[in-house]
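Engineer: Using only what follows, build the 3D model:
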Amino acid sequence: MSFFRKDAQLAEIGELIVNAAREQFPHLAQNQIALTWIVYEPPLAVNTGGALSAEEFWKHQPRGFHYRGVEAIYPASVVKLFYVVALYEWFQGGMAQRSPELDRAIRDTIVDSSNDSTSLLVDVLTGTTSGPELPTGPFESWKKQRNIVNRYFKQLGWPELDAINVNQKTWGDGPYGRERAFVGTTLENRNKLTTNATARLLHSIVGGVAVSPQVCQEIMGYMKRDRRPEVLAADPENQVTGFLGDGLPPAAGVWSKAGWMSQVRHDTAYIELPDAFPYTLTVFTEGPAQSKSEAVIPFISQQIALAMRELTAARSDRSES
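Structural biologist: Have a look, this model is predicted:
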């Protein structure tokens, strides 16, 4: 069963926003965008530090909308959020030992989106290392180990995770040696995520039920984006400019993890506006034009924020009448 309930009102608004984005940006094809939008209205409470047990939390289904939310898409650095959650689970279960160096790597993976730190996380999670190509027997064992994160997420039983693949490192120039062999001749084994799967993981973090409430608060601390202009100007590779936090009011709270490379631009975020109910928004865009554009995702984010204000005001008007 899906973690959110499809809603006709949100579907109407969401379709209008997707169509408006395609009209505003003619280079954005129908099959080059996927989106999942989850609305948190009273009495559903999120970002409570784990005040609800996991059992109680999953009984509640917030309203939501998705556009192509089940399409498996190369996630770029958004996958790093999955590796961080898995590593905390390893710590909890005694499968890995926490250390100052791993804490530094976790921080750099989310805050700075470092590929080098992510490589260490994948090594620790899977008990494998990169290197030269391997003979058939050892390579089969290596591949089995590299799929351990996939097995962890599949055992959660979330239907949204059925189509995902999270067994590859993230790269600057690309994989070499055994890593290149593992990703496949035509990249058929590359990482894949859907916006629905990503939204559910973010939903669990914001709800305080991914691994433990303490872990969720720690991850959200890393995801919190400092959107002050002077901070963004000092970091050209910040995860705000050209992403979901771009163009929102200064008082908005944004917790996010972006992904960006030559063929895609993605973001997943939990957002608290000063004058609206909180929500999560996950947007994946594909194609070189979308990768280069710093306008498409902010446009969608601003349209969703406007819709959230209108939904909140309408709810308030009904409550007072």
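Engineer: burial of Asp226, as a residue count?
Structural biologist: For Asp226, the neighbour count with other C-beta atoms under 10 Å is 13. For every residue, glycine as well, the C-beta is placed using N, CA and C.
Engineer: That one sits in which helix or strand?
Structural biologist: Using DSSP states H and E, Asp226 is not contained in any helix or strand.
Engineer: cool, the one 5 residues further on as well?
Structural biologist: Mapping Val231 onto the secondary structure by DSSP H and E places it in helix 229-233.
Engineer: Can you tell me how far Ser204 is from Phe91?
Structural biologist: 17 Å (C-beta to C-beta, to the nearest Å).
Engineer: what's the answer for His27, then?
Structural biologist: 43 Å.
Engineer: same check, this time on Ala21
Structural biologist: Ala21 is 40 Å from Phe91, by C-beta to C-beta.
Engineer: now do Thr170
Structural biologist: 21 Å.
Engineer: neighbour count winner among those two?
Structural biologist: In terms of neighbours (other C-beta under 10 Å), Thr170 is the more surrounded of Thr170 and Phe91; the figures are 24 against 19.
Engineer: Isn't that one up against Ser114?
Structural biologist: No. Taking C-beta atoms under 8 Å as the definition, Thr170 is not a contact partner of Ser114, at 9.0 Å.
Engineer: that older thread, list the buried ones in the helix holding Val231?
Structural biologist: For helix 229-233, the neighbour count (16 or more other C-beta atoms under 10 Å) marks Leu232 as buried.
Engineer: Sketch out the low-pLDDT regions of this structure for me.
Structural biologist: 317, 319-321 (pLDDT under 70).
Engineer: As a check, name the ranges of all helices in this protein.
Structural biologist: 8-24, 54-57, 80-93, 100-111, 115-126, 136-146, 148-154, 178-183, 195-206, 213-223, 229-233, 288-292, 296-320 (DSSP state H).
Engineer: for these, which one ends up most surrounded?
Structural biologist: Most buried of the helices of the chain by mean neighbour count (mean count of other C-beta atoms under 10 Å) is helix 195-206; its value is a mean of 26.
Engineer: Give me the helices and strands touching it, please.
Structural biologist: strand 33-39, strand 63-67, helix 80-93, helix 213-223, strand 264-272, strand 279-286 (3 or more C-beta pairs under 8 Å, 6 or more residues apart in numbering; DSSP states H and E).
Engineer: now it and strand 279-286, what's the angle there?
Structural biologist: 140 degrees (axes from the mean of the first three to the mean of the last three C-alpha atoms, to 10 degrees).
Engineer: residues in contact with helix 195-206?
Structural biologist: Residues from elsewhere that reach helix 195-206 (C-beta atoms under 8 Å, 6 or more residues apart in numbering): 2-4, 34-36, 38, 46-47, 62, 64, 66, 68-71, 73, 75, 78, 81-82, 85, 158, 160-161, 163-164, 210, 216, 219-220, 223, 255, 268-270, 280, 282-284.
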